[in-house]
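Novice: Sequence and predicted model, in that order:
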Amino acid sequence: MHIPDGLLPNAIMIGTNVAAVGVTAFALARIDKNEQRTLVPKASLLTAAFFIISALRIPMPPPLNSVHLLLVALMGATLGWLTFPALIVGLMLQALVFGHGGLSTLGANTLMLGIPALGVHFLFQWARSRQLSGRPLGVLSFVGGFLGVVIAVLLFYGTVIGTLPAEINVELERQATGLLALSHLPIALIEGIFMVLIVAYLHRVQPALLNLHPKQVK
Amino acid sequence: MSGSHLHEQGIDTYAHLKSPLHQWEMRLKIASLLLLILAFALVETVWLLPIMFAITLGIYALSGLPFAFLRSRLTVPGYFILALVIFLPFVAGTTEMATVGPLTIREEGLLQAGLIIGRFFCIFTTAIVLFSTNTFLNAIRALRGLKFPDIMADMVLLTYRYLFEINTLFSTIRTAARLRGFQGNLFAPNTIKTVTSLAGHLLVRSYEQSQQVYTAMVLRGYGTDGAKVYHQKPTTADYLKTALTLITAITLFVLSQVLT
């Protein structure tokens, strides 16, 4: 689910790239210079792992046949503000190595996945401040996973359909966006369940992964 | 990361040819071709497409990269963009051109679809030339030379370095799971749990490995500036290629503004 090169009009292409660079610079500025070096290997290896896992296809009945996880919520929960640099790096490599997405749409794709991920990061920060665990943490994880996909899908189809020629019927646009977003509900549900289980797993096996940032971000 | 994996993906496969594009100093090549890509992306009129195709195919031919390589790279993203714009000629615009059964083809939609596909082809092909006519490592060094933030350059290198290694590890874990009877059927009990365990195991392994990687990097002098110096010096020929590309990009941009 990446926006390819050539699809976006000038203003949106330039605006999203500038915005993505701005948010990334802001994200990097929030992390201490000394801590950046410590975080680089962690963020890089996790980015690589996220992109490998997101390529895993889960079989589904027709017409979907198979789906793959977006993992935006998990990226937000584990990487926090580092999600933006991680997404730029990951999406750039995907465009260059695998041909998915594009260089001119790097900003749009980063924002599309980064905005919901950042939302989940704030959700988890709130959970940490309340020291949530057990069922409340599970509910929060489900909400994060579910909404992460819904928001990313809405941003994707909203951008793709919304930036197509003005001659397209507005009502038709709205209906198409709604229908396409609805067709992704099963994926959002699966991602929500996955998020509940993976948060429980990491909480048990390696809690530091979910607790990476409160001490490291100013 | 094994070399065979890199060759499968193809990014460094043709990095050692001796074409004018391969011999172009990397910093100047990145700056020039990225500007050309921007000029392609800013074109808003379909009438410039023939010129764009001529420029793109000229650059690709000069690069000495095989056309079979371009075709193999274009297949998947090409189908994807086609699926996104294929409906445009039928729903966008008011000028009717032809009727096919219950569908009416409209001029504005057809031109818009052509423009999107044309821009995609030119940007995609130029990006392939940019990053396939040098080793990926040299490209990252050159990006540092262009003041790309160090932390981002380090992340690109490390992610690239471990992408294929983690993929191999993940394949091993999946094979082990399949040997234990895991079939990946969504409706089978425990499928989502097994997928979660696989993903969790991979994340934990990657996280633990990153701590070892960091220690090893520090022991090898990570953080010192020695490894980051970019040595290549541009020649007169490099400046000429750069000037030619910049003139082309600016001309294309001006033409696009005039014609739009």
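Specialist: Here it is on my side, so go on. Residues are numbered from 1 along each chain as shown, chains lettered A, B, ... in the order given.
Novice: in the chain, which spans are strands?
Specialist: With no chain named, the answer covers chain A. A:57-59, A:66-68 (DSSP state E).
Novice: Not quite, go with chain B.
Specialist: Going by DSSP E, chain B shows strands at B:96-100, B:103-106.
Novice: which helices and strands sit right next to the lengthiest helix in chain A?
Specialist: Using DSSP state H to define each element, chain A has its longest helix at helix A:134-162. Other helices and strands packing on helix A:134-162, by 3 or more Cβ pairs under 8 Å, 6 or more residues apart in numbering or on different chains; DSSP states H and E, are helix A:72-79, helix A:106-129, helix A:170-182, helix A:185-205. Where you see a C-beta, it was placed from the backbone N, CA and C, and this is true even at glycine.
Novice: Below-threshold pLDDT in chain A: ranges please.
Specialist: A:58-67, A:165-174, A:176-177, A:211-218 (pLDDT under 70).
Novice: Swap in 80 and give it another go.
Specialist: The model of chain A has pLDDT under 80 over residues A:1, A:31-39, A:53-68, A:96-101, A:129-133, A:161-184, A:208-218.
Novice: likewise chain B?
Specialist: In chain B, residues with pLDDT under 80: B:1-12, B:84, B:91-94, B:161, B:164-165, B:173-174, B:177-178, B:180-192, B:209-232, B:260.
Novice: those helices in it, which residues are they?
Specialist: Using DSSP H, helices in chain B cover B:3-9, B:26-42, B:49-63, B:67-85, B:88-91, B:107-132, B:136-145, B:150-179, B:191-219, B:236-259.
Novice: Counting neighbours, what do you get for residue 181?
Specialist: All of this is about chain A. 18 (other Cβ atoms under 10 Å in any protein chain shown).
Novice: Let me rephrase: I mean chain B.
Specialist: Neighbour count of residue B:181, defined by other Cβ under 10 Å: 8.
Novice: Phi, psi for it please.
Specialist: Residue B:181 adopts backbone torsions of phi 100, psi 0, taken as degrees, to the nearest 10.
Novice: again, but for residue A:100
Specialist: phi -90, psi 140.
Novice: What's the local residue count around the nearest residue in space to it that is not next to it in sequence?
Specialist: Excluding the flanking residues, the one nearest residue A:100 by Cβ to Cβ, 6 or more residues apart in numbering or on different chains is residue A:94, at 4.7 Å. By other Cβ under 10 Å, the residues close to residue A:94 number 20.
Novice: Residue B:27 too?
Specialist: 20.
Novice: got it, and residue B:170?
Specialist: 21.
Novice: next one: the one 10 residues further on
Specialist: Using other Cβ under 10 Å, residue B:180 is surrounded by 8 other residues.
Novice: Residue B:237 now?
Specialist: Residue B:237 - counted by other Cβ under 10 Å - has 12 other residues nearby.
Novice: before we move on, what about residue A:207?
Specialist: 9.
Novice: Can you list the buried residues in the longest helix of chain A?
Specialist: Across helix A:134-162, burial judged by 16 or more other Cβ atoms under 10 Å in any protein chain shown covers A:137-138, A:140-161.
Novice: How about the closest residue to chain A within the stretch 151-260 of chain B, nearest residue that isn't a chain neighbour?
Specialist: Nearest to chain A in the stretch 151-260 of chain B, going by Cβ to the nearest Cβ, is residue B:158, at a distance of 3.5 Å. Leaving aside its sequence neighbours, residue B:158 sits nearest to residue A:44 (Cβ to Cβ, 6+ apart; 3.5 Å).
Novice: show me the contacts for residue 15.
Specialist: I'll assume chain A. Under the criterion of Cβ atoms under 8 Å, 6 or more residues apart in numbering or on different chains, the contact list for residue A:15 reads residue A:107.
Novice: Sorry, I should have been clearer: chain B.
Specialist: Shown in contact with residue B:15 (Cβ under 8 Å, 6+ apart): B:22, B:132, B:133, B:134, B:135, B:136, B:138.
Novice: Make sure the fifth one is actually in contact with residue B:12.
Specialist: Yes - distance between residue B:135 and residue B:12: 5.4 Å, which falls inside the contact criterion (Cβ atoms under 8 Å).
Novice: intersection of neighbour lists for those two?
Specialist: Joint contacts of residue B:135 and residue B:12 (Cβ under 8 Å, 6+ apart) do not exist.
Novice: so what are the domain limits for chain B?
Specialist: As given by automatic domain parsing, the domain ranges for chain B are B:13-134+B:233-259, B:150-228.
Novice: Pull the distance from the last one to the chain's centre.
Specialist: Here the centre of mass of C-alpha atoms in domain B:150-228, compared against the chain's by Cα atoms, centre = their mean, to the nearest Å, lies 22 Å away.
Novice: neighbours of the residue of the stretch 151-260 of chain B closest to chain A, just the number please.
Specialist: Around residue B:158 there are 23 other residues, counting by other Cβ under 10 Å.
Novice: Same check on the one 10 residues further on?
Specialist: Per other Cβ under 10 Å, the neighbour tally for residue B:168 reads 13.
Novice: and if you look at residue B:119?
Specialist: Residue B:119, neighbours per other Cβ under 10 Å, totals 28.
Novice: Next: the one 5 residues further on.
Specialist: In terms of burial, residue B:124 registers 26 neighbours under the definition other Cβ under 10 Å.
Novice: any idea how far the residue nearest to it when sequence neighbours are not counted lies from residue A:131?
Specialist: Spatial nearest neighbour of residue B:124, excluding adjacent residues (Cβ to Cβ, 6+ apart): residue A:5 at 5.5 Å. To residue A:131, residue A:5 is 46 Å away according to Cβ to Cβ, to the nearest Å.
Novice: Settle it for me: which of the two has more neighbours?
Specialist: residue A:5 (29 against 8).
Novice: distance of the more buried one from residue A:69?
Specialist: 25 Å.
Novice: picking up where we left off before, now the helices of chain B in CSV, with distance to residue A:11?
Specialist: Converted to CSV, the helices of chain B look like this (distance: least, Cβ to Cβ, whole Å):
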stretch, distance to residue A:11
helix B:3-9, 34
helix B:26-42, 10
helix B:49-63, 20
helix B:67-85, 19
helix B:88-91, 19
helix B:107-132, 15
helix B:136-145, 27
helix B:150-179, 26
helix B:191-219, 38
helix B:236-259, 14
